[in-house]
Every structure is written in C-alpha cells, then in structure tokens.
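S.K.: everything below, folded, please.
(2 chains)
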Protein chains: 2
Amino acid sequence: MNFKLLANSGKARVGQLITKYSTIETPVFMPVGTLGTVKGITKQDLYRLNFNIILSNTYHLMLRPGLDVIKKIGGLNKFMSWDKSILTDSGGFQVMSLGKSVEVDKNGVTFRSHIDGKLVRLDAEKAMDIQYHLGSTISMIFDECVAYPSSYINTKESLTRSIDWSRRSRLAYRERDGHGAFGIVQGGMYKDLRKLSVKENLESDFDGYAIGGLAVGEEQDQLISITSFTADLLPENKPRYLMGVGYPEDILKAVKSGIDMFDCVLPTRSGRTGLAFTSLGNVKIKNAKYAYDNSALDPNCNCIVCSNYSKAYLHHLVKSSEILGSVFLSYHNLCFYSDLMKKIRSAIKENNLNNLKV
Amino acid sequence: MNFKLLANSGKARVGQLITKYSTIETPVFMPVGTLGTVKGITKQDLYRLNFNIILSNTYHLMLRPGLDVIKKIGGLNKFMSWDKSILTDSGGFQVMSLGKSVEVDKNGVTFRSHIDGKLVRLDAEKAMDIQYHLGSTISMIFDECVAYPSSYINTKESLTRSIDWSRRSRLAYRERDGHGAFGIVQGGMYKDLRKLSVKENLESDFDGYAIGGLAVGEEQDQLISITSFTADLLPENKPRYLMGVGYPEDILKAVKSGIDMFDCVLPTRSGRTGLAFTSLGNVKIKNAKYAYDNSALDPNCNCIVCSNYSKAYLHHLVKSSEILGSVFLSYHNLCFYSDLMKKIRSAIKENNLNNLKV
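M.R.: I've put the predicted structure just below:
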C-alpha cells in the first residue's frame, strides 16, 4: 500500500492512497456497508458517485452471514461483487455498543450476539484472522472503545488493554501486497493518554493511523481539539483516519486539522429517515410544506435524483414508506458527500480552504 | 391510440399498440406501480428491462398523495418523471378489497380510506375525471367486482350496475390524441353474463377491452375457460387485457386464448418476500441451502443481478432485510417476465407457441 502527499494548505493535505484495488484520493469519505452492502445503493451507483473505498464491519459480518460463508465464496470482495477497496472495522466498537452481556478481560472480549444471543469471543488474533479471510484491503487493529464520559482512571486502564491488543494485532496481521493495517489512537478526552497511545502505535509502524473514541457524544469543540492535538503527533507520510465522523462541518474542521479519511452512516441512515443534505441546508422531506413543491431536492445538484424528481414526489415516496424513497435520498446524500470531498480537495489544491462553506 | 395485429398463431396474436408515449409490443406485461412507483425499481431499470407501459391505481393515488398534488405538478407522468405509457385502474377493484365500510349504491360507492379512515365517494364520473387529471394514457372504466364465489343472482345484479357505470364512464371520458379508454367485461363465472357484458361493452365502442373479475380465487381451469370464452366474443382489432393475471403459466394459457395485455404484482411482491422466478423453477432464496451457494440466481439469465451476485449473497441480503435484497429480486423477477413476454411474442411469430415451456 502506498500513500503520497500531493498538496497541502495549512495542515490540510491532499494525498493519494494506492491499494491493490483502487487509487483513492484523500481527503476521502468512505460510505458504510455494515453487512457487506451500502444500504440501498448498488455498486454501479457507488462507481457513478466516484466512491472506490467503502467500510464494512468485522463484528456484523462474523455474526451474519458468518465468516465460513465469506471464506467459502472467496472473500468479501467476491461475496459483494465489489472490485474496489474495503476497509474493515475490527469489531471492538460494535462489541461495546451492540453486543449483549459484554465482558472485557485482559485478553479480549466475550459477548452475546445481538442477532441470536449466542456467546461469542473476540480478541486481537481472532479479529485480525477474520479480516485476513475477509480479504480486507485495510484491516483495523482490535481495540477497546471507552464510553463518553469516562474517568481518567478508567480511560487509562482501557488504554493499557488497547495498547496490548494493538501490539498483538500487529503481530497477527499478515502482510499482503497492496493491503495494509491501521493502528487506532485511543485515550478518550485526555491529551496525555492520546500522546501515550500515539507513541505506542508508532512503535508498531502501521500503514496508517486512525483516531478512535471520538464522535461518541462530546461537544464539537472537544472533538476537534482532540483530533487536532492527535493529528499533530502523527507522521506526515501516513494516512490519518478519523473514525465515525461525520457531519459535513466536522469533516471540514477535521480536514483543516490534517485528517485524510472519514466514514459515517449519516448520509445513508439520514436518507432512510427522510433527511437530505443540500447546498441550501438540510431538508426534512416528510415536512408537509414539500407536498406540492415541484422543485428539485437541491437545485445545485446534478445527481440523478435531483435531475429527475421533485420534492413533492420524494415527499410522497418517503411518506408512503416506498423503497425508492430511501434509495433516492441515500443516493443524493452520498452524492452530496462525494461532492463535498471533491470541493475540499480542490480548495486545498487552490489554497482556498478557508473560503469553503459547507 | 392505434392497435395493429402483426402476426398470429392459433388464437394467439402479436400486435403493436401505439400511444402518445410509447409503442408497445403485445402480448405485454405491465409492471404494477400502485402509488406512482414500481416498488424498488427506478425508471432507468424499467427502460433497461424494456418496459414502456406500467399500471398505476386511481384508488391509491386519490388517497395518497391526492389528486390535487398530482394536478399541481401536471399529471402522473410528470409527477413520476416517467415518459412512457401509463394504464390506470379505475379504483373499483381496490374499493372492494381495501376500502373500509364499503357501501355500494345504484350510483357509486362510498367507503372509508384505508389510510386515514376518511369517508370517500367514487363513481363513474369521478373515476374518469381523476384519470383525466392523472393524464392516464389508458383509462379504465369504473365498475364493480364481485367476490368469489358469488351467486348468479348477485353477480347479475352487480353486472347491471357495472353496465350502467360503464356507459356513464364512456360518456365522461374525454378523448385525447394517443390516449384511450378500455371497457371491462364482468359477469363472474357465468358465461351468459359474460356474453351480456361483452355485448354492452361493444355498444360503447372502447379502444380496448379488459376481462375483469378473474384471478380472484377460482381454479386455473375456470380462469382459462372464462378467459377463452370471453376473448372469443371480443373484436379482433382491439387489444384484450386480462386484469391481475399473473403466474407465468396462466399468462401463457391466456395468450393462447387471444389475450394481449397483462398486469400483476407478482414479480415485485414476490421479489420483496424472497421468491425468485427462474428458468429452473422458483427459488425461495431464504432457504438455508442457499447460504453457501456461489452460483447465479438463474444461470440462464443475463440480468445485472444474475451477472453480478451469487445466491449466497442474495440469501444474506434477504435474510438480513437489506433494501438491496428486495431491489435485486424484484429486478430479476421483472427481467424474467420481460423475457417471458419476448419469448411468447417470438414463438407466436414463429408459429411455435406449443413448444414453449414456462
């Protein structure tokens, strides 16, 4: 896996991440395909929207359809029929937030599946092994996420485990051409712990570094403050990924702090609940005022939805719980995010980022 | 509206129906877009599958989004952004099957909306007026459907009303270039009543004739017997439409009886519940035996779903209630129906219909 920087503007950077499957221009937004499908969006749509990396989830895939199925078919790319890059989350975050009766011990995590209640074990070696068999282009190390808020002592204890699991993940990771493993910086809202986590991560020399444990309920100021502090400690020549972020304005601020990669369920989940991101602000399409509105969802968007359908029609589809209501709004929102990242990259190249409004 | 016959094989016919919006080769299958959307299928998908006429429903559209909305936008074609033909059912069938507290009187029907319980009135003049404002390419006259089974005396009484409503519908229909109005033959399972209904319909000189009140629970033998009997009484030079049918084998038998047009929710509804029609028989994709099956849904189908995805992946999507599970199976099923009609038309042209297996 190869990463090179092409331009910068202040701390913001434009780069190119070249994997076995695609050449990814950064800053990049990765649509979330939790269960091996970006909800409601076909691969042809993703290509059309210029996405060539998506995120999927070890935790979800190990429970459904199960690793044995994906191994049998020959990996996640083949299973999904997706020939571009895939980054997989290691499962730590989902275990904490979705698993039932979660028990964390020194070596790993035991939990009950949120699907069928079966007892499941996950640890560093297993998380890396699953990601190996998924064929993940980018594997994330296995770590523990602390809840927000969390005391200093609890956060430090958790970080101690995460540091150990990260080292073990690095050892368990099997190198393959055009693939890579990313470390994850934890440490909650405590800068000295973030600094310690960076130091430990750097010793493992990962292909990229993620900042985890943010966008968990803290204020935007704190999100950006920790992001900026942490990004400053990370090496210039490796991609930096802010996990689970997020809102367009957070993405822009994080880019200005030197972040290269993002993922979030927001464009697709919002799409499914009738919320559209537009150049004129958010549109809650179920609102009665749109029932007779013959104008496009976003007059400044050229996507297939805005070029073909009125707000009145989209209002009708979403109010009637029609499948295409979810599909069309998810599609438009992903287009909005794709355009946003394109504008951000252009603004960095033109050294004009401070004039960009989102 | 223009209809011409191009070929025949026994009673089966190949024809061309030319409307303001499209040239439709018959026998044709019309996908159902009840609420102004073929569930889960975009217009680009419909074009790709060679559908250039769909069916929509007066009853559903008058309740949601309401006629005032569609009038404001300029008709159903504009509202849906669909530039091909639309046939609209007049609402009689849906009132009987979906309306609450339905009261039929000599002049029309009063019922409670299944959406919000509001009291609604529908009669011949209103049904035709709504279809006029929808801009329906083909308007269906307003009639009454009898339940199955129904006694001779009840069926006859109902037919008396339908005959009156049909005449009034004809008078209320406003002629427009490239548009048309179809009569509907009723009379339940009684051939003398069917004959009477045909006679009355012919006096109104419609642009086409539908056979209604079938596929309501009767045996296939009876369905085909009544269809064949009725089709024989209809004029050669007008399209014949068997409403709500149906299963591939029923379609083939009806074509052999001289039917030109079909509609049914089966391909899309089955798709949403995990049932696929294939050249090797029906596939219930949720069945556990498909979990590890790397083969295409239908090895003899070239659709985008069968060309890209395995049964294992489709099994996973449908089991996980993912949107694309519904979308992909609906798409494949519509492709199956489109191919079926193409094969039927070819077989008629080649005078080889009896060798066609479905």
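
S.K.: tell me which parts of the stretch 1-150 of chain A are close to chain B?
M.R.: Applying the criterion Cβ under 8 Å from any Cβ of the partner chain, the portion of the stretch 1-150 of chain A that neighbours chain B consists of A:35-37, A:39-44, A:64-65, A:68-69, A:72-73, A:79-81. For glycine as for every other residue, the C-beta is placed from the backbone atoms N, C-alpha and C.

S.K.: from those, list just the buried residues.
M.R.: With neighbours counted using 16 or more other Cβ atoms under 10 Å in any protein chain shown, the residues of the stretch 1-150 of chain A next to chain B contain these buried positions: A:35-37, A:39-43, A:64-65, A:69, A:73, A:79-81.

S.K.: in helices, which of these appear?
M.R.: Judged by DSSP state H, helices contain the following of these: A:K43, A:V69, A:I73, A:F79, A:M80.

S.K.: pLDDT for those residues - can I get that in a markdown table?
M.R.: Rendered in a markdown table, the data for these read as follows (pLDDT from 0 to 100):
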| residue | pLDDT |
| --- | --- |
| A:K43 | 98 |
| A:V69 | 98 |
| A:I73 | 97 |
| A:F79 | 98 |
| A:M80 | 98 |
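
S.K.: the residue of the stretch 101-250 of chain A found nearest chain B: neighbour count?
M.R.: Closest contact between the stretch 101-250 of chain A and chain B, by Cβ to the nearest Cβ, is at A:I115 (9.3 Å). Residue crowding around A:I115 was assessed by other Cβ atoms under 10 Å in any protein chain shown; the count is 12.

S.K.: ok, it touching A:R64?
M.R.: Yes: with contact defined as Cβ atoms under 8 Å, A:I115 and A:R64 form a contacting pair (5.8 Å).

S.K.: how about the closest residue to A:R112 other than its chain neighbours, what does it touch?
M.R.: Here the nearest residue to A:R112 in space, its sequence neighbours aside, is A:K100; by Cβ to Cβ, 6 or more residues apart in numbering or on different chains that works out to 4.0 Å. The neighbours of A:K100, taking Cβ atoms under 8 Å, 6 or more residues apart in numbering or on different chains as the test, are A:F111, A:R112, A:S113, A:H114, A:G117.

S.K.: burial count for the closest residue to A:K349 other than its chain neighbours?
M.R.: Across the structure, with Cβ to Cβ, 6+ apart as the measure, the residue nearest A:K349 apart from its sequence neighbours is A:A7 (4.8 Å). A:A7 has 13 neighbours, counted by other Cβ under 10 Å.

S.K.: check the one 4 residues further on too.
M.R.: The burial count assigned to A:K11 is 14, neighbours taken as other Cβ under 10 Å.

S.K.: do the one 5 residues further on as well
M.R.: Using other Cβ under 10 Å, A:Q16 has 14 other residues around it.

S.K.: correct me, but it touches A:I24?
M.R.: Yes: shown here, A:Q16 and A:I24 form a contact pair, counting by Cβ under 8 Å, at 7.1 Å.

S.K.: which residue of chain A sits farthest from its center?
M.R.: Here chain A reaches farthest from its C-alpha mean at A:Y292, the gap being 36.4 Å by Cα atoms, centre = their mean.
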